[in-house]
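J.: here is my input; please provide its structure:
(one chain, ligands or ions: 1)
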Amino acid sequence: MNRIFSGMQPTRQLHLGNYLGALRNWVSLQDQFESIFCIVDLHALTLPQDPAVLLGNTREVTAAYIAAGIDPERCVIFNQAAVAAHSELAWILSCHTPMGWLNRMTQFKEKAGKHRENAALGLYAYPVLMAADILVYKATHVPVGEDQKQHLELARDIAGAFNRNYNQEFFPLPEPQILGEATRVMSLRDGTKKMSKSDESDYSRINLTDDADTIALKVRKAKTDPEPLPEKAEDLEKRPEADNLVTIYSALADISKQDALDQFAGQQFSGFKGALVDLAVAKLAPISTEMNRLMSDVGEIDRILRIGADKANAIAAANLADIKDIIGLLRP
Ligand code: AQP
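T.: Presented below is the predicted three-dimensional model:
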């Protein structure tokens, strides 16, 4: 059976990159797949967190999933720390993962910075926990943004190595689903950098909870170049900031970049930015309003997470028991 698994870290607010690169695709995929969506709070621990903020963000990301259209009746929504099998399988898989594979991970190099020896072991081992998140459900498909492609390839390598080692076809090799026009949304301040929660400048991203005035201000301040919008999508290739804004517009409007350019070719960015603000506000305001409504009843959010954790636990515990049997760990 086809099953998707994906997750987001409860570190700060979700932004337009998280929405267009992942969350929005999850909403359409829930009709085709058995769907498991996680708030990956254990991953958040790879960098320092304030405990109260982490708790609040975990509920807020849950609210964002539901407000964006994930149906908690049809999908499993839960926080990673509530299902112990993720951590247990991560240990087992880490004993099957050569360090050379982890040494290739570019995200570790970026996040650890210059003082790599001070980085937490968890930051280094993060991709193994991510492989465990997916494999503990024997997920077949994983919808993510482009930045997660390398981690997904590692998860496939780990699954394949486990299968070969024990002469089994136990884990399906999970397929990445990198979908839509905006698989890598870039910073509004620098078109060569990914839009990211951890960017110091709040002007670099549009948060799902930004109000209309804030969205308008951020889009107005977004870096562009002096040229008008071109006629052909290929002509955006060497114009990263222009390309990014057109990509965002086309993804929000559900049209191709070429269709967007057919509407705006020859215009200056000032006019195009006005249309982008209107579109972004129209698409994001209902999500933000619904998030606020959901966050006014955290008891209900916790109830949804509890039900989700029970369902996730039932699947994960059964798979983990099979894994223990395969590798010879006694279950008295
Ligand atoms: N800029 C992006 N464009 C498209 N997709 C993106 N994703 C993240 N940024 C972009 C996708 O969102 C999902 C959840 O990401 P996450 O919260 O687990 O992790 P992240 O990559 O750590 O998010 P950030 O904003 O980039 O945080 P920092 O700054 O901490 O690194 C994933 O599917 C991801 O691909």
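J.: the stretch 151-300 of the chain: helices as residue ranges?
T.: 212-221, 240-253, 257-264, 269-295, 298-327 (DSSP state H, counting those that start in this stretch).
J.: between these, which one is closest to the ligand.
T.: Closest approach to the ligand among the helices of the stretch 151-300 of the chain (C-beta to the nearest ligand atom): helix 240-253, 9.6 Å. The C-beta positions use only the backbone N, C-alpha and C, and glycine is treated the same way.
J.: whether the closest one contacts the ligand - can you check?
T.: No: judged by C-beta under 6 Å from any ligand atom, helix 240-253 makes no contact with the ligand; its nearest approach is 9.6 Å.
J.: residues in contact with the helix or strand bottoming out on mean pLDDT in the chain?
T.: When each helix and strand of the chain is scored by mean pLDDT, DSSP states H and E, helix 106-112 comes last, with a mean of 91. With C-beta atoms under 8 Å, 6 or more residues apart in numbering as the test, helix 106-112 has contacts from 46, 47, 102, 116, 119, 123, 124, 126, 127, 147, 150, 151.
J.: please repeat the previous calculation with a cut-off of 6 Å.
T.: Residues outside helix 106-112 that contact it (C-beta atoms under 6 Å, 6 or more residues apart in numbering) are 119, 124.
J.: list the buried residues for that helix?
T.: 108, 111, 112 (16 or more other C-beta atoms under 10 Å).
J.: cool, and stretch 267-278?
T.: 269, 272, 273, 275, 276, 277.
J.: for residue 320, see how far away the closest residue to residue 266 other than its chain neighbours is.
T.: Nearest residue to residue 266, sequence neighbours excluded (C-beta to C-beta, 6 or more residues apart in numbering): residue 228, at 5.4 Å. For residue 228, the distance to residue 320 equals 58 Å [C-beta to C-beta, to the nearest Å].
J.: hmm, back to that, now the two most distant members of the buried residues of stretch 267-278.
T.: Using C-beta to C-beta, the two most remote members of the buried residues of stretch 267-278 are 269 and 277, lying 12.0 Å apart.
J.: CA-only coordinates of the least confident helix or strand of the chain in PDB, if you can.
T.: Extracted as PDB, the C-alpha positions of helix 106-112 are listed here (Å, rounded to 0.1, in the frame of the first residue of the first chain):
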ATOM      1  CA  THR A 106      25.700  19.500   3.100                       C
ATOM      2  CA  GLN A 107      23.100  20.600   5.600                       C
ATOM      3  CA  PHE A 108      25.300  19.500   8.500                       C
ATOM      4  CA  LYS A 109      28.200  21.500   7.000                       C
ATOM      5  CA  GLU A 110      26.000  24.600   6.700                       C
ATOM      6  CA  LYS A 111      24.400  24.400  10.100                       C
ATOM      7  CA  ALA A 112      27.500  23.400  12.000                       C
END
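J.: quick one: that helix near the ligand?
T.: No: judged by C-beta under 6 Å from any ligand atom, helix 106-112 stays clear of the ligand, getting no closer than 7.0 Å.
J.: thought the residue nearest to residue 266 was touching residue 265?
T.: No: judged on C-beta atoms under 6 Å, residue 228 makes no contact with residue 265 at a distance of 7.8 Å.
J.: sorry, back to before: and among the helices of the stretch 151-300 of the chain, the most buried is which?
T.: Comparing the helices of the stretch 151-300 of the chain by mean neighbour count (mean count of other C-beta atoms under 10 Å), helix 240-253 comes out on top with a mean of 22.
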